[in-house]
Structure formats: structure tokens, C-alpha cells
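Fold the following.
(chains A and B)
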Amino acid sequence: GAVVSQHPSRVICKSGTSVKIECRSLDFQATTMFWYRQFPKQSLMLMATSNEGSKATYEQGVEKDKFLINHASLTLSTLTVTSAHPEDSSFYICSARPSGGINSGNTIYFGEGSWLTVV
Amino acid sequence: EDQVTQSPEALRLQEGESSSLNCSYTVSGLRGLFWYRQDPGKGPEFLFTLYSAGEEKEKERLKATLTKKESFLHITAPKPEDSATYLCAVQGRSGGSNYKLTFGKGTLLTVNP
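Numbers count the residues shown, from 1 in each chain, chains lettered A, B, ... in the order given. So this is what the prediction gives:
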């Protein structure tokens, strides 16, 4: 149980275009989901926290107009990188905290990650 | 502000050579301490959650322990497939109702056959 799925796992886009990454909790509902960015050989950097039905909370230094987060349902959150530039190339990982059910508690489960390359 | 420091940064072991990874933390009101395993190019895989000092949890060759200031991940008789980066994270009450995690930089474990 407690599976989080991300799609796509790899995406290449042209500079100036937008790209959307989906994060789904497959066997549980998640009121809260998190988006991270990870650079090579570094730890995870929290970008934003999304709560279903409300606006995301962004960490300091993260541009909310560039990284659009939508948490429209209890099983789906999306991250849209707008007007992508090569420096946005990175590994993006989402995570989710089960809200209710046998997996509920404080534990947060992670997706497989999405590699974004902007050319 | 919650802080997590992991040591060592990297650890090389021979197959069967037991060792421990350390995670020191400061947190305002601990909700939980978490251990994850991350393979290259993958998202973190959940291993353990510890909630209070004195708690211990085991899974196969791994055992996690918790004190008020640190946690240890003990690896007994490791195998090459245990090679990965091990991440420690804390969840404090300063995260409010969002339960967000603060991560350490991880320990890269390499187990040689």
C-alpha cells in the first residue's frame, strides 16, 4: 500500500515552453502533497506544500508564478513549470501524506521522481 | 528551525561488515523521525518512522533507534544490494498542520562484494 506515482518519469522540453508533471496517490487519499527538487548528489529541497482545494504554500525563494501547483483532488497534484529555462532542468519529486485509512499517520510517501531536461 | 545532520557523508563496507549511520537532529516538538532509502535516479523509499526516544524498529538487515538528540540506522551483515543513499528526516510541530519534512544530506553507502 501507500503508492505514489509520478508522470512522466522523463520529459524533455524546449526553452520557453511549459511542462506539467502529475503526482497521484494510487491507494490512498492525500489532503497534503509536497513537491521537491533535487540536484545531483544533493538532498531534497522542498519547493512547496499543496493542500487539496486551496492555494499552495511556497518555500522562500521559490517563484510561485513559475512553478504552478494545483491540488484539485485528494489523489492528484500537478506541478507546471512555466516558461522553462535550461536552469530549471532537475529531478522533481512529489510526496503525499495519507489522510485517513490504514496508511494514515505522519509518514510521507514519495513518488519515483520526474527528470526534466530543458533544451 | 529544524535541523538534521547525517554522518558520515559516505561509507564503504565489505559484504557482511556491520556498521551504523548517524542522524543528529534539533527540532521544535518532534512529531516523527523518518529514514528513507534512495537509489540513484529514484524517489526515496520509506523505511521507518520513529516517534519517541527509546523506540526501535527493524526490517531485515536494518534497525533504527532513536534518542532525544539522534537516531542510528544499524546495518547488520550488509549485502551489495543495500548500497544506496540513506536519508534521515524530521517532522516537527513548527511545520504546523502540513507535517513537512526537514531532510539531512544523506549517507551514501556502498557495500562491496
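
Write down the beta-bridge partners of the closest residue to residue B:51 other than its chain neighbours, one by one.
Closest residue to residue B:51 apart from its sequence neighbours, by Cβ to Cβ, 6 or more residues apart in numbering or on different chains: residue B:32 at 5.4 Å. (C-beta placed from N, C-alpha, C; glycine too.) Here residue B:32 sits in beta bridges with residue B:91, going by DSSP bridges.

Just give the number of residues close to residue 39.
Picked chain A for this. 11 (other Cβ atoms under 10 Å in any protein chain shown).

ah, I was thinking of chain B
12.

Roughly how far does it sit from chain A?
Distance, residue B:39 to chain A, using Cβ to the nearest Cβ, to the nearest Å: 10 Å.

Now do the contacts for that residue.
Contact analysis of residue B:39 by Cβ atoms under 8 Å, 6 or more residues apart in numbering or on different chains lists B:45, B:84-85.

Likewise for residue B:21?
For residue B:21, the contact set (Cβ under 8 Å, 6+ apart) comprises B:6-8, B:11, B:72-73, B:75, B:86, B:88, B:107, B:109.

Beyond the helix or strand of chain B with the lowest mean pLDDT, next helix or strand please.
Here the helix or strand of chain B ranked lowest by mean pLDDT, DSSP states H and E is strand B:102-103, holding a mean of 92. Following strand B:102-103 in sequence order, the next helix or strand is strand B:107-112 (DSSP states H and E).

Can you list the helices and strands that that following strand packs against?
strand B:10-14, strand B:84-92 (3 or more Cβ pairs under 8 Å, 6 or more residues apart in numbering or on different chains; DSSP states H and E).

can you redo those as CSV with mean neighbour count, mean pLDDT and distance to residue A:39?
Listed next are the helices and strands packed on strand B:107-112 as CSV, based on neighbours: other Cβ atoms under 10 Å in any protein chain shown; pLDDT from 0 to 100; distance: least, Cβ to Cβ, whole Å:
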stretch, mean neighbour count, mean pLDDT, distance to residue A:39
strand B:10-14, 14, 98, 17
strand B:84-92, 24, 95, 13
